[in-house]
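[1] predicted model and sequence below, questions to follow.
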Amino acid sequence: MLLKKLRHSTNRNPEMNITISQSDKTAVATITGDITHAVTGEFQAGLLSAFGSAGGLVLDFAGIGLLTSAGLRTLLLLYREARQSGKNFVLAAVPDYVRDVMSVTGFWEQFVAYDTVEQAVAAIS
Amino acid sequence: MSGRIDLYPTFEIAGWKVRPGRVRPYGATVVPGGVNFSVFSSTATACSLVLFDRQSRALMSELRLPDAFKIGDVWSITIFDLDPESFEYGFRMDGPWDLETGHRFDVSKVLLDPYVRAISGRDVWGVSPDRDDEFPYRGFVIPEDFDWRGDRPLEIPSEDLVIYEMHVRGFTRHTSSCVPHPGTYAGVVEKIPYLKGLGVNCVELLPVFEFDEFEMSEPNPFTGDDKMNYWGYSTVGFFAPKGGYAATGSMGMQADEFKSMVRALHAAGMEVILDVVFNHTCEGDHRGPTISFRGLDNQVYYMLTPEGYYHNFSGCGNSLNCNNPVVRDMVLECLRFWVSEYHIDGFRFDAAAILGRDFSGAVLNNPPLLESVALDPILKKCKLIAEAWDAGGLYLLGKFPNYGRFSEWNGKFRDDLRDFLRGEPGRTGLVATRLCGSPDLYEPGGRGPLASINFITCHDGFTLRDLVSYNVKHNEANAEDNRDGCDDNRSWNCGVEGDTTDPEIVARRLRQGKNALLALMVARGTPMLLMGDEMGRTQHGNNNAYCHDNEFNWLDWTLLDREQELFRFTRMAIALRKAHPALRQARHPRSDAPGALGFPEVSWHGRRPWEPDWSGESRFVAAVFAAATPSGDDVLYYGWNAGHLPAMVELPPLPEGVVWRVSVNTGCPTPEDVFAQGQGPSLEPGRPFLLGPRSSVLLEALPS
């Protein structure tokens, strides 16, 4: 791609961070900040690397900020890709308001989610 | 590296990398690498794209489009590296202000894109707008990639449809609805089990295209709150769902929420019809605001007088010039969009007679818009329902240019049934005609009973409970000295005006409500119920509750407890209609065509069999509907005594081994007022039947 990102598109979002920890075959990705269109590239790359050799991935959403329309779509695409390649991919500790948005827009029912990270890890390990 | 050579900018404007865009589709479209914009104006001399920051709402950039970006009358531009979630947009057009030629350009305005898919500014219902905001409505782009998971419009045959006319907000806004998101699309989803239990299989939503509930807001001295445009018959954007009806409106996800609602309704076997308003826009007359069309191309979008003012066939200030090819194209594109993108099953066209007028308001013989809609391949299977009149005095009931596709809100059904219900003389023959699907209106054109949407009440006018509780309208709360609203209500208060605890009157009102609901379910055509009529909803005599965002309009779900008898009756009457193919035939019944069990398709009776009384003072009508169907003979006796005295009725005799069984008798107390199919008591052959005052019966012919 020849063009570099223009300033207009990036300066409005608080930083998004992904921290990855791995135990046995399950990786836990802890997300903080907003997942918007502006960070979907990073989000996608971060999670794909988290998978690495792991057989399953838990997304810890406890610290998540805004999850926009584009963010939700990226999440769903990643989820489907993981399922297709036979890997587990679950959500954990999703704040009520995020869960609410996902429910009324028809996204929630497509995911598997657990109340806590521990429950999620136990379920897919 | 991208595989397309047009993915690279060729110009730079206001710091943005751009190139001349694609002129189609109109509006803003996310394309690889950026966003494409396209807008039409036949007369504008200059066009700028104005971008705002979505989060701060501050002006971000203004890009004046060079002539190289114009093909014909259409400007277009592709902007690269524009984050689709980061901006809002509008257009600024320069051009003449000249009333003689009908131009009203105003370069000081930022205009809304007519094809905009989502509009910000009224994201959360009722949040007071910033009245200093010069550009309160702005467009933004949304993903159009909803995962329908195999869903598509249901295509339920019209004869099997039972429509429930409802207001998205009013349906669940009341706290008694106990839903997590009151007054929203998500709220509707929560109540799907209720609708399914009631037995309707189609919801018709009052306008859901983006409108501004604050459009005419002013303090209401009567109620103390603000008058609002609660109904929403005033479109701001034809391609954008109302953000304030979405629990996720503040996040800009109204489209996903709306689609999710449609998918859930479809999964429950329920169609979705939209009430659409193409007769006028929210811009009003020459005193109104310039929001979009007026500033883009006034003389194209509106019907204008020779002096350059607005024709007002809508009663709302302006009239959309819908038979102009450009506007026709927009309307057609809009309908296709809602069917293909939102899986909508049909449309009810508000004041549709306007759609048959030309640019000067003259009535067209062969209106191109209606023809295009009727014959469009994408719209081919969807329901098209016309409100066949307008505020300019054009009344086309029975004569609406239909091309074999449009059905009509049958205002005569409403009027004649109401008259008979209240005991007016001289209505027996008319009611008989309405019960047959109004062949007087629809047989000459070969249209059949499915051209008739039968209704007794709708959002416009009294609720069913008010129809039997008020002789006259009581619109004081609208703060117009009770001058607004229709005076032709054909209602009867059953003895006293308004609320009463008189048990006799209360019982009479309940019975009259049942009589109306039964007639609606028996009549040939497609029945439409008004939200809440199944539980006695009242507007306290207000027959024009367009401006109240309060308990006048919100459905009070505690009524379900108090009106169990009426709800049970409605539910079972709907079930009886579904159980009896004789009531759902797609042709007008004939009295000279064989039906079943020796009866013709329809036969008329009086207090004695085969002796109908059509005289002026008769208030008794009875019919036998008979149909031989693949599942067997279906023969029903329907009788309605609208008089105030009981009637001793001899029933038409049946062949040996078949008896009349009671399905409905509104003269009996619950639970004997209605029975499930085949469960009612049988009547002794040859023995007269006593039909109570203002009561109706439905009997089934079944083996003894």
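    Here it is on my side, so go on. Numbering: from 1, shown residues only, chains lettered A, B, ... in the order given.
[2] chain A contacts on the stretch 251-400 of chain B?
    B:251-253, B:256-257, B:259-260, B:263 (C-beta under 8 Å from any C-beta of the partner chain). Where C-beta positions appear, they are placed from N, C-alpha and C, glycine not excepted.
[3] among these, which ones are in helices?
    Among these, the ones falling in helices (DSSP state H) are B:256-257, B:259-260, B:263.
[4] state the mean pLDDT of the longest strand seen in chain A.
    Longest strand in chain A by number of residues (criterion: DSSP state E): strand A:56-67. Taken as a whole, strand A:56-67 has an average pLDDT of 93.
[5] for the helix or strand following that strand, packing partners?
    Sequence-wise, the next helix or strand downstream of strand A:56-67 (DSSP states H and E) is helix A:69-84. Other helices and strands packing on helix A:69-84, by 3 or more C-beta pairs under 8 Å, 6 or more residues apart in numbering or on different chains; DSSP states H and E, are strand A:26-35, helix A:40-51, strand A:88-92.
[6] and these as TSV, adding mean pLDDT and distance to residue B:633?
    Listed next are the helices and strands packed on helix A:69-84 as TSV, based on pLDDT from 0 to 100; distance: least, C-beta to C-beta, whole Å:
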stretch	mean pLDDT	distance to residue B:633
strand A:26-35	93	63
helix A:40-51	88	64
strand A:88-92	95	58
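[7] reformat these as CSV; add distance to chain B and mean neighbour count.
    What follows is the helices and strands packed on helix A:69-84, written out as CSV (distance: least, C-beta to the nearest C-beta, whole Å; neighbours: other C-beta atoms under 10 Å in any protein chain shown):
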stretch, distance to chain B, mean neighbour count
strand A:26-35, 10, 20
helix A:40-51, 9, 16
strand A:88-92, 17, 21
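[8] near chain A, which residues of the stretch 101-250 of chain B?
    B:142-143, B:145-147, B:180-181, B:184-186, B:189, B:246-248.
[9] out of those residues, which is nearest to chain A?
    For these, the residue nearest chain A by C-beta to the nearest C-beta is residue B:186; the value is 3.8 Å.
[10] Three-state assignment for the closest one, please.
    Following DSSP: H, G, I helix; E, B strand; the rest coil, the label given to residue B:186 is helix.
[11] contacting residues around the nearest residue to it once chain neighbours are set aside?
    Leaving aside its sequence neighbours, residue B:186 sits nearest to residue A:104 (C-beta to C-beta, 6 or more residues apart in numbering or on different chains; 3.8 Å). Residue A:104 makes contact with B:181, B:184-186, B:189, B:246-248, B:257, B:260 under the criterion C-beta atoms under 8 Å, 6 or more residues apart in numbering or on different chains.
[12] just the pLDDT for residue A:104.
    Confidence score, pLDDT, at residue A:104: 96.
[13] cool, and residue A:109?
    Reading off the model, residue A:109 has pLDDT 93.
[14] just residue B:257 next, same as before
    98.
[15] kindly report the same for residue A:14.
    Per-residue pLDDT puts residue A:14 at 68.
[16] mind checking how far the residue most central in space within chain B is from chain A?
    The structure's chain B has its C-alpha centroid closest to residue B:275; by C-alpha atoms, centre = their mean the separation is 3.4 Å. According to C-beta to the nearest C-beta, to the nearest Å, residue B:275 and chain A sit 23 Å apart.
[17] with adjacent residues omitted, what lies nearest to that residue?
    Nearest residue to residue B:275, sequence neighbours excluded (C-beta to C-beta, 6+ apart): residue B:348, at 4.7 Å.
[18] strand partners (parallel or antiparallel) of the one helix or strand the one you found maps to?
    Per DSSP H and E, residue B:348 falls inside strand B:346-349. Within its sheet, strand B:346-349 is paired with strand B:271-276 (parallel), strand B:383-386 (parallel), according to DSSP bridges.
[19] what about chain B, any weak spots by pLDDT?
    B:1-2 (pLDDT under 70).
[20] now do stretch B:214-224: distance to the chain's middle.
    25 Å (C-alpha atoms, centre = their mean, to the nearest Å).
[21] same check on stretch B:643-650?
    Centroid displacement of stretch B:643-650 relative to its chain, using C-alpha atoms, centre = their mean, is 38 Å.
[22] and the contacts of it?
    With contact meaning C-beta under 8 Å, 6+ apart, stretch B:643-650 is reached by B:423, B:607-609, B:619-620, B:622, B:639, B:641, B:667, B:688-695.
[23] can you redo the helices and strands packed on helix A:69-84 as a markdown table with distance to residue B:377?
    Putting these into a markdown table (distance: least, C-beta to C-beta, whole Å) gives the following:
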| stretch | distance to residue B:377 |
| --- | --- |
| strand A:26-35 | 40 |
| helix A:40-51 | 36 |
| strand A:88-92 | 41 |
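[24] closest one to residue B:285 among these?
    strand A:26-35 (44.4 Å; C-beta to C-beta).
[25] partner strands of the closest one and their direction?
    Partners of strand A:26-35 in its sheet, by DSSP bridges: strand A:17-23 (antiparallel), strand A:56-67 (parallel).
[26] related to what we said a few turns ago, list only buried entries from the residues of the stretch 101-250 of chain B next to chain A.
    Neighbour-count burial (16 or more other C-beta atoms under 10 Å in any protein chain shown) is assigned, among these, to B:142-143, B:146-147, B:181, B:184-186, B:189, B:246-248.
[27] could you flag which of the ones in helices among the residues of the stretch 251-400 of chain B next to chain A are buried?
    In these, the ones that pass as buried (16+ other C-beta under 10 Å) are B:256-257, B:259-260, B:263.
[28] and stretch B:20-34, which residues are buried?
    By neighbour count on 16+ other C-beta under 10 Å, the buried set for stretch B:20-34 is B:20-23, B:26-31, B:33-34.
[29] swap in stretch B:386-397?
    The neighbour-count check on stretch B:386-397 (16+ other C-beta under 10 Å) flags B:386-392, B:394, B:396-397 as buried.
[30] distance across it, terminal residue to terminal residue?
    Its start and end residues considered, stretch B:386-397 measures 9 Å (C-alpha to C-alpha, to the nearest Å).
[31] now that stretch, how far from the centre of its chain.
    Using C-alpha atoms, centre = their mean, the offset of stretch B:386-397 from its chain centre is 15 Å.
[32] hmm, who's touching it?
    B:279, B:311-316, B:319, B:348-357, B:361, B:363, B:398-400, B:402, B:406-412, B:441.
[33] got TSV for the strands paired with strand B:346-349, with distance to residue B:336 too?
    TSV is the format used below for these (distance: least, C-beta to C-beta, whole Å):
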stretch	distance to residue B:336
strand B:271-276	13
strand B:383-386	13
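[34] so the closest residue to residue B:701 other than its chain neighbours is in which element?
    With C-beta to C-beta, 6+ apart as the measure, residue B:635 is the residue that lies nearest to residue B:701, at 3.8 Å, once sequence neighbours are left out. Secondary structure assignment for residue B:635, by DSSP H and E: strand B:632-641.
[35] just the buried residues of that strand, please?
    Counting neighbours by 16+ other C-beta under 10 Å, the buried set in strand B:632-641 is B:633-641.
[36] strand partners (parallel or antiparallel) of that strand?
    strand B:620-629 (antiparallel), strand B:695-703 (antiparallel).
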